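*Asks:* just the structure for this:
(3 chains)
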Amino acid sequence: MNVRSGWRRLTRPTRVVAAIGALLLAMVILAAVFAPLLAEHPPNRTSGAPYLRPSAEHWLGTDDLGRDLWAQLVHGARVSLTVGLAAAVIATVVGTTVALVAGYRGGLIDAVLMRITDLVLSLPFLVLVLVFATFFGRGTTVTIVLIAGVLWARPARLLRSQVLKVRELDHVVSAATMGATTPRILARHVLPRLAPLLSSQFVRAASVAVVVQSGVAFLGLGDPGRVSWGATLFFANNASAILTDAWRWWIVPPGVALCVLIVGLAFVGYAVEEWADPRLRTGGPRPGVRRRLDPEPPRPAAEEARLEIRGLTVRYGAGPDPVTAVDDIDLVVGRGRVLGVVGESGSGKSSLVLAVTGMLRPPGQVVKGQIMMGDTDLRRLGREGLTRRRGRDLALVPQAAMGLLDPTVPVHDQVAESARLVRERRPAAARATEVLDLVGIPTARHRAFPHELSGGMRQRVVIAMAIANDPVLLIADEPTTGLDVVTEAAILRLLQRLRDDLDLDVLLISHDLPLVTAIADDLAIMYGGRIVERGAVAAILDHPEHPYTRTLLQAFPPLDGPRRLPQPIPGDAPDLALVGAGCPFAGRCPEVVDVCREQHPDLLGRDEHRVACHVESVS
Amino acid sequence: MTEASNEPLLELSGVNVRFGGRRSEGDVQALRDLDLTIRPGERLAIVGRSGVGKSTVARVAFGLVAPTAGQVRVGGVDLASRSRAQLRGTRRRMHLIFQDPYQSLHPGMSVLDAVSEPLAIAGTDRAQRTERALAALEEVGLFPVAEMAGRYPGALSGGQRQRVAIARALVARPELIIADEPTSMLDASIRAVIVRLLLHVQEKFNAAVLFITHDLALARHMGDSIAVMHDGRIVEQRPSEELIADPAHPATEELLTAARFARSRA
Amino acid sequence: MRRSLRLAAQYVLVVVAAFVLNFGLPRLAPGDPADYLAPPDSAGVLTEDERRDILSRYELDGSTGEQFGAYVRNLGRGDLGVSIRTGEPVRDVVLDRLGWTLLLVGTAVVLATAIGVTLGFAGGWRRGSKRDIGLLTTVLAVDALPAFFVGLMLLLVFSVELDWFPVYGAISPGELGSWAAMRDAATRLVLPVATLTLAGAGSTFLVARSAMVTELQEDYVFMARAKGLTERAVRRHARRNALLPVSTAALLGFSTLISAATVVESIFSYPGLGSLAFDSVVARDYPVLQAVFVLLALIAIAANLLNDLLYPVFDPRVRAAGSAA
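*Replies:* Sure, this is the predicted structure:
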């Protein structure tokens, strides 16, 4: 990964911080390198009368022994940088070695090394260095070794837990299964993944080393033969410079110099951490949502429908090339019916869910369309209004069931929290018990924490939260992801039962066409942000018209009947940024003709079956 | 079956695996007295619910997890009796394909390096490595090959990544391919491609395949026979068609009923 | 149960290691511990008899094994020897200072945690906003400053220039225990506590902010929004989970602040263990120095232990693992 792309990955404020940090560091480095040129007096020998005020001869005056303070200032940079760099290198190398050995080998070696690390970590750092310094002398080399001797423990601890995670990664295990030697695995697969943490820990170690060195010197226990900022401050403090105005040129300059170095390191370290942190890519400020509404007044949903979507269009990003994830979609969920929306990655089905539930976050944006529930356009409600609808008459069962529950709260309380939106505390608790029973959680498990429940149980709890406030519409977005077939079937049956018992409309979103058809009444097939075919399940299954629907059905091998290997669809899922004017499936379609690439087909046919295809039409 | 000897390639006998109970309710018994044999060129699918120990079988076969009791033999030799160096040699006779295409490739390794890694480990020289890797990329249909070879996994889709994984298997020329849910995170249209490529590799080297899945329909097409796992054991192992038509064990029946419900109309 | 046993074993090990280290350090160092107590170049001053007398008084005349035995016996009796500087029993000297250090560091830890957590959560909640970045850079800068320099500057501004606080010491000589004396002590506590709080709040802020950012990406936060909770209720969920790493950081921060206290106490001539350590180093008062070291180590270890004991209370996942065996 080169530095340029790394730089671009940083947000603008972070770049400013990084630049300031680099600038501060550069100042100190330049001072250290050119110290003899910058100061004409020796830093360590008397070159004038003691206690001189600043003058043309002595820019910062002299100390109690008549030594030039300006010279001490620029020469002091050398000690700080040497100690910081050397201690950080030693500490990082030792820490990394310990982490790799302990983390990858595990077992007894790990236990012993980590106990030692904990011991070093729990001992008071500075006191330890002081004690050591007392017994082992005060030379700079000794200081470096001492500081590194306590400093390695922190990177060792952090890197080791990183190693524990990395060694379970598939590509690391994969290297082992291919017969790679341990050194090769560590060097090629483990170490590169530690690099980000390693670099930020290195910067941090350098900064701590500088602080500790100056602290030791400030206490008068530093290398007596070397000039350092801490030592200058020690002499200043001893001479009570603080009580005279000498502090202005005696205390402040070395103190500020220290701060410049340390703040520089901290800023650079922060930038390194941000650069290494993958969360950055999803983070960033949330700009205010601009809502553009259609001039057309909302028309209430059709009589038999409680949710009707008209012309919904969702875009990501503004500017020259926004990506249209959902393109002018019409959908109706019939009363008491299950509408299955089927689409693979890149079809726009997730954006559709987010848009309907008002959970779309910038840069995603609904740019057009109406989302009618009864006679309200959900788009017009605004964020507050939508939050009020969500969890009441509009309920969402989101994807990725495993982490949907707060790990620190018993599930009953989490369901009660939902019920509480429209009830007092006591009735809410009673309601929680009721819906947990309804979705089939045994009473004994109501007080369980999420991690104590199986994946299927947890998904039932999520469904219980969704139905707690008697919604009229339930949107289930891939509700069985990650569950095995048996649990999957059970959850589908549960949804079916709830639809019947509670008079729910259900919008079921999935990539699995056969699965959806198991409980859906109506079907909409999405591809490249558009609906390519829709209608009653039976009509579509009996006569799939769109080439995509047909190939998709062939892609699932049959369980019974003659063996038929799944048929591949040539090409890859569509890149939404590249979908042009024509049919989104044109690039992979076996029946493509010229017009498909130029003109977008309309969704034609009767209500029970419509298809958007230039070649096929509903007979 | 070819002229290859009919000695078992992989043989697990009475294998028990118990994981220390640091997580939750005490110890976890992942495998109980498991017996399993795969001969050269054989295609076996293992099916079962989550947590029955399917993936542990793969890990045990590669010696990544040592059985607490029982024996694992590869080519007739007990893994427990092998030195670390010998174990590495044994591992090279097999190849493991992972479920998650987003994790099985090192994000900092180019496609070329990833595909040629088995050869690098074996010590093949660079020119030959590159040649064979490029040929494999072509075979799995990653075009244009030269451009794909220089890409990093971050610039590939899930399907493309899984093709890279198959290309690596081609380069490794294994006697046994163990595929652990290799398609469960892919879209159906891509799944078909990967399944066919996998069969292509199998036929090309007459390799044995151990296909781990929870999808019975897929298992039926990938395996000549199917082994059903339940609670750390294989409870039923029979030719695919026979097992699906006439399940004997309740666990098999449960899987079949659920699978039939989920595709009751399609 | 198994967890507590393992914990207990670990901590016994750590404490033993600290004691052994304490015993071994002076003996590992170049030269003989006797040289420190009675330097050979003092031969002109000390007669050979006097030197032997000193050595036997500090039980340094036996073999290493015998010395260690004596060390352990004395520890068991709570006898830490006699201060070279003042001749008082080390135990009394050290215990006298312990309360002051606990007061100083304890107050600072509480304040630093409160401030760090409040600001860190606020920043993490609106990650990347102007306020967050402003807060973050300020904290990064303040956190980076060496405690002794911050202390010096506070002293300079508030005591010397503004004359709001006394320059030195925790209590003025005179009557103890009175209301006025307590007020006096509190006044003198202000600057050292402020210095230590500034030194400690930064790392808590960073941990809290990062924990908040991490939690906000979790699926349960999405779920909380999906089920119609207000942003306030959503934040409550995130906060509860983000507190887990923060509580660990706060207790481990104890050990960092104890280090910083060494310097800070010296600057403010505050009569705690830190300044005692410093004075002992300068006066080469080894018995006291060693006792201080062990005591500070024990405090830090106790903080770690507290963290290990409290963590399961906050995190049900760990709790379950512990109670199962």
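
*Asks:* next secondary structure after the longest helix anywhere in chain B?
*Replies:* With DSSP state H setting the assignment, residue counts place helix B:188-205 as the longest helix in chain B. Where DSSP states H and E defines the elements, the next helix or strand beyond helix B:188-205 is strand B:208-213.

*Asks:* in its sheet, what does that next one sit against?
*Replies:* The sheet places strand B:208-213 alongside strand B:43-47 (parallel), strand B:176-180 (parallel), with pairing taken from DSSP bridges.

*Asks:* what pLDDT, on average, does the last one get?
*Replies:* It refers to strand B:176-180. Taken as a whole, strand B:176-180 carries a mean pLDDT of 95.

*Asks:* now the first one
*Replies:* Strand B:43-47 shows a mean pLDDT of 96 in the predicted model.

*Asks:* what angle separates it from helix B:188-205?
*Replies:* For strand B:43-47 against helix B:188-205, the angle by axes from the mean of the first three to the mean of the last three Cα atoms, to 10 degrees is 140 degrees.

*Asks:* give me the contact list for strand B:43-47.
*Replies:* Contact with strand B:43-47 is made by B:38, B:54, B:57, B:202, B:208-216, B:218-220, B:222-229, B:234, B:237, B:240, B:255, as judged by Cβ atoms under 8 Å, 6 or more residues apart in numbering or on different chains. Where you see a C-beta, it was placed from the backbone N, CA and C, and this is true even at glycine.

*Asks:* the helix or strand residue A:118 falls within vs chain B: in contact?
*Replies:* Under the criterion of DSSP H and E, residue A:118 resides in helix A:107-122. No: among the residues of helix A:107-122, none lie within reach of chain B under Cβ under 8 Å from any Cβ of the partner chain; the closest is 11.6 Å away.

*Asks:* what comes up buried for that helix?
*Replies:* Neighbour-count burial for helix A:107-122, counted by 16 or more other Cβ atoms under 10 Å in any protein chain shown, picks out A:110, A:113-114, A:116-122.

*Asks:* low-confidence ranges in the chain?
*Replies:* Because you didn't say which chain, this covers chain A. Low-confidence regions of chain A, defined here as pLDDT under 70, cover residues A:1-6, A:8-9, A:277-298, A:302-304, A:319-320, A:400-401, A:577-579, A:618-619.

*Asks:* the chain in question should be chain B.
*Replies:* Applying pLDDT under 70 to chain B flags residues B:1-5, B:20-27, B:266.

*Asks:* ok, 80 please
*Replies:* Applying pLDDT under 80 to chain B flags the ranges B:1-6, B:20-28, B:102, B:263-266.

*Asks:* about what we covered before: for the longest helix of chain B, buried residues please.
*Replies:* Burial within helix B:188-205, assessed by neighbour count using 16+ other Cβ under 10 Å, is assigned to B:188-195, B:197-199, B:201-202, B:205.

*Asks:* tell me how many other residues surround whichever residue of the stretch 151-300 of chain C sits closest to chain B.
*Replies:* Closest approach of the stretch 151-300 of chain C to chain B (Cβ to the nearest Cβ) occurs at residue C:217, with a separation of 16.7 Å. Residues near residue C:217, counting by other Cβ atoms under 10 Å in any protein chain shown, number 14.

*Asks:* one more: the one 4 residues further on?
*Replies:* Residue C:221 is flanked by 20 other residues according to other Cβ under 10 Å.

*Asks:* just to revisit the earlier point, what about chain A: which of the buried residues of helix B:188-205 touch it?
*Replies:* Checking those against chain A (Cβ under 8 Å from any Cβ), the matches are B:188-193, B:195, B:199.

*Asks:* for residue C:121, list the residues it contacts.
*Replies:* Residue C:121 makes contact with C:208-209, C:212, C:239, C:242 under the criterion Cβ under 8 Å, 6+ apart.

*Asks:* now render the residues you listed as JSON lines, adding distance to chain A and neighbour count.
*Replies:* Shown next, in JSON lines, are the contacts of residue C:121 (distance: Cβ to the nearest Cβ, whole Å; neighbours: other Cβ atoms under 10 Å in any protein chain shown):
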{"residue": "C:208", "distance to chain A": "15", "neighbour count": "29"}
{"residue": "C:209", "distance to chain A": "11", "neighbour count": "26"}
{"residue": "C:212", "distance to chain A": "11", "neighbour count": "26"}
{"residue": "C:239", "distance to chain A": "10", "neighbour count": "18"}
{"residue": "C:242", "distance to chain A": "10", "neighbour count": "26"}
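
*Asks:* noted, bye for now.
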